[in-house]
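*Asks:* Got a predicted structure plus its sequence, pasted below:
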2 protein chains.
Amino acid sequence: MTKQVGVEDRMSPRYSYLSHLECGKCARLHDADTPRQVCECGSPLLARYDLASLGHALTPSDLALREPTLWRYHELLPVRDPGAVVTLGEGMTPLVPLPRLGERLGMASLYMKDEGLLPTGTFKARGAAVGISRARELGIKIIGMPTNGNAGAAWAAYAARAGIAMWIVMPADAPAMTTTECMATGAHVYHVNGLISDAGRIVARAAQARSWFDGSTLKEPYRIEGKKTMGLEIAEQLGWAMPDVIIYPTGGGVGLIGIYKALLELRELGWVSGPLPRLVAVQASGCAPIVRAWRAGAAESEFWEGASTIAFGITVPKALGDFLVLRALYETSGCAVAVDDADLVRDQKLIASLEGAFPCLEGAATVTALRHLLDSGWIGRTESVVLLNTGAGLKFPQTVEVDVPILDPNDDIPMTVDA
Amino acid sequence: MTKQVGVEDRMSPRYSYLSHLECGKCARLHDADTPRQVCECGSPLLARYDLASLGHALTPSDLALREPTLWRYHELLPVRDPGAVVTLGEGMTPLVPLPRLGERLGMASLYMKDEGLLPTGTFKARGAAVGISRARELGIKIIGMPTNGNAGAAWAAYAARAGIAMWIVMPADAPAMTTTECMATGAHVYHVNGLISDAGRIVARAAQARSWFDGSTLKEPYRIEGKKTMGLEIAEQLGWAMPDVIIYPTGGGVGLIGIYKALLELRELGWVSGPLPRLVAVQASGCAPIVRAWRAGAAESEFWEGASTIAFGITVPKALGDFLVLRALYETSGCAVAVDDADLVRDQKLIASLEGAFPCLEGAATVTALRHLLDSGWIGRTESVVLLNTGAGLKFPQTVEVDVPILDPNDDIPMTVDA
């Protein structure tokens, strides 16, 4: 019987090897082919795959000729019908070497995974592409979503392409650009005088009252599958190897959970081996619930009162998946680091002027964390490190000081010492 | 002798098959391995390659396993030493199908080449990556550049990475974001109360007085080689075939010249065959020197007085390479179209809400041009058409109307008809 399945696999490989959903906390199993939010216990559901069959049907070298998008990993994604895929060409973002910053810090092997080169300019496009594709496949017509901005912009874009209606609620002081994007793609947008947690409650009430699907972080199982592809790509781009450390700016933490999940799946497939990278969660000093919990050795975080940081995307006072983030840190011998706003703004300028890359503030926070961890000796200077830049600096450029002299057409550029 | 060269090629293939530079107007030949600006006759120099040898050394299938950046075409690029390459992972941007816009327009085969997914968010990154890499290889230390904004932002980024000093002059009313990018990456920036033509004269004077290299459009030979890769990618992404029509928003026109040059080179290599796509230059009604010249059947354009359009990137009153743009239009049986600002702003919203893609205004102008050319019958509804979106809408989001209701945390989303 087992053998027959194997033969079938080789003869008519499945587009997706999704098998079921499993609660990340109580491990209860759920059918994957109806729309699902969270487990009865209130915790996030994780997609599980038939990795045993997939291991017989696919090898890493099969991927080499596929298109450079995250859909190259379709067997490890939850969309069963290729016709359901909603894509803007997302994925296979560059893993950019940082030789000049590395030299400044005394390191030989430093990379930035640059998620700014995605549709809508942030890593949120990965979750949206996969989440919206699967929502379309499952027949979902209306989605409500709380957001700090970038996730809403991404989901609005893919929903427009899929013909799904999006209702978005975000803090009034979220980056203005993201509201613009939601409006451009035709979403229904509301601002709230409050935090993403307030937006979440408004969406939850509306979803309940109007039978919307609730697209909140980890209240649906498939966004994480899109984010997971960051981990798959890092491994493939390093030749199916893993770095020593991955540093990740952590708000809801889905990307970190996803990277961890990806590497476990790859190890189970036998495509990578050895210890997993030590995963580092970076938060801002003004909103660091994961850091506080990690320091205490706790399994979950507590709501962070008075959350505030200029790195708006990571202003998440209490994440639904906090226990999964912390588990990933503990099980990879990772850590959590809080950084100050002033430092990450300065490091945004540092990496831009040395490497030509202009990361978002959240991405710049990984540079600050790296400095701290080098100083403390937690990261050794010969280790290989990947910084996860979650988006383009373009989306919130307000922190760069702009002071430009104005010339008239007949003026000359003034002589200065360094000209 | 010839055979021996061929054998050498197979045994130690060259990274670049660059052979020399040729004047685009008077056809005079120049050595490629010293820094060059324009020909003695004042016209742009074009890079020429040893295509005969390359045809023996490389086939399209050799490319299939290479990394998804524009450097996959390194034999057709001017950088001789791979160690000189300055890269942020640019290239192989998606060729996105536009099924819902196509359906609206009654077309079956419509694509958008999305150059928003490049470092610095525009197609200018291609020219900058190749131009800066070659400048570094040739030992250039300081570059001056006039810009409408996006080219300056791109060159500043790559120059920072290369350790080259950039001096940038742009119109004071260029998109603010681009000044921010230049400041972030450490360029020296000046604004001018005038147009890019005024900025060009200021840079030319400074370059003359201080022995800077002048990076102006087509005053150096290698930016176009970077832009050319758009044409190479379109052909590869269509399976080494060509669409019927490519529609391109035209300011300086380097991209259009580059695409044309790429397709001629591919045809000479025998990698594509048949008629070239009809190339369409789109300009704004408020600055349409190429359109005026094309209508008159002229070989060159005349300076457009009082140039003004909201699509700032194509506000170029007189392009140095105008004769090359016009030649490309004439020789491909293409055309030139002027579109109104109000229409392209509306079409930006249309494509965003139907397809989830948020193009820059210049990119949106290609949608307007497509409508006009379908209406006139110049494009048939069964033809395959590629729209060239030159950048992300994020870089100048001011045209999207934003009017968002504000809620308090205890408010509910108001009931409306379509909820």
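*Replies:* Nice, thanks for sending it over.

*Asks:* Downstream of the helix or strand of chain A with the lowest mean pLDDT, the next helix or strand is which one?
*Replies:* Here the helix or strand of chain A ranked lowest by mean pLDDT, DSSP states H and E is helix A:2-11, holding a mean of 41. Downstream of helix A:2-11, the first helix or strand assigned by DSSP states H and E is strand A:18-23.

*Asks:* Residues touching that following strand, excluding its own?
*Replies:* Residues from elsewhere that reach strand A:18-23 (Cβ atoms under 8 Å, 6 or more residues apart in numbering or on different chains): A:28-32, A:36, A:39, A:41, A:43-50, A:77-78, A:80, A:221. For the C-beta atoms, the positions are set from N, CA and C on the backbone; glycine is no exception.

*Asks:* what is the rounded mean pLDDT of it?
*Replies:* Strand A:18-23 carries an average pLDDT of 98.

*Asks:* List the buried residues in that strand.
*Replies:* Using 16 or more other Cβ atoms under 10 Å in any protein chain shown as the test for burial, strand A:18-23 gives A:18-19, A:21-23.

*Asks:* With stretch A:284-300 instead?
*Replies:* By neighbour count on 16+ other Cβ under 10 Å, the buried set for stretch A:284-300 is A:284-291, A:293-294.

*Asks:* Select from those residues every entry located in strands.
*Replies:* Under the assignment DSSP state E, those contribute A:A284 to strands.

*Asks:* Among the buried residues of stretch A:284-300, which ones are in helices?
*Replies:* Assignment to helices by DSSP state H places the following of the buried residues of stretch A:284-300 there: A:289-291, A:293-294.

*Asks:* Could you list the low-pLDDT ranges of chain A?
*Replies:* A:1-12, A:417-419 (pLDDT under 70).

*Asks:* what residues are up against the residue positioned nearest the centre of it?
*Replies:* Centroid-nearest residue in chain A: A:G255, 3.4 Å away (criterion: Cα atoms, centre = their mean). Counting by Cβ under 8 Å, 6+ apart, A:G255 touches A:123, A:227, A:230, A:248, A:388, A:390.

*Asks:* Tell me the one among the residues you listed nearest to chain B.
*Replies:* Distance to chain B across these (Cβ to the nearest Cβ) is lowest for A:F123, with 13.1 Å.

*Asks:* mind listing what's buried in whichever helix or strand A:T179 is part of?
*Replies:* For A:T179, the enclosing helix or strand under DSSP H and E is helix A:176-184. The neighbour-count check on helix A:176-184 (16+ other Cβ under 10 Å) flags A:177-184 as buried.

*Asks:* re the thing from before, of the buried residues of stretch A:284-300, just say which sits nearest to chain B.
*Replies:* Comparing the buried residues of stretch A:284-300 against chain B with Cβ to the nearest Cβ places A:C287 closest, at 17.6 Å.

*Asks:* excluding its backbone neighbours, what's nearest that closest one?
*Replies:* Leaving aside its chain neighbours, A:C287 sits nearest to A:A307 (3.9 Å; criterion: Cβ to Cβ, 6 or more residues apart in numbering or on different chains).

*Asks:* Thought A:G286 was touching that neighbour, still the case?
*Replies:* Yes: when contacts are counted by Cβ atoms under 8 Å, A:A307 is listed as touching A:G286 (6.5 Å).

*Asks:* any shared contact partners between the two?
*Replies:* Contacts common to A:A307 and A:G286, judged by Cβ under 8 Å, 6+ apart, are A:T315.

*Asks:* Tell me which stretches of chain A form strands.
*Replies:* For chain A, the strands defined by DSSP E cover A:18-23, A:29-30, A:45-49, A:95-97, A:110-114, A:142-146, A:165-171, A:188-192, A:213-214, A:245-249, A:278-284, A:335-339, A:385-389, A:406-407.

*Asks:* Relative to B:L269, which of the ones in helices among the buried residues of stretch A:284-300 is nearest.
*Replies:* B:L269 has its nearest neighbour among those in A:I290, at 54.4 Å by Cβ to Cβ.
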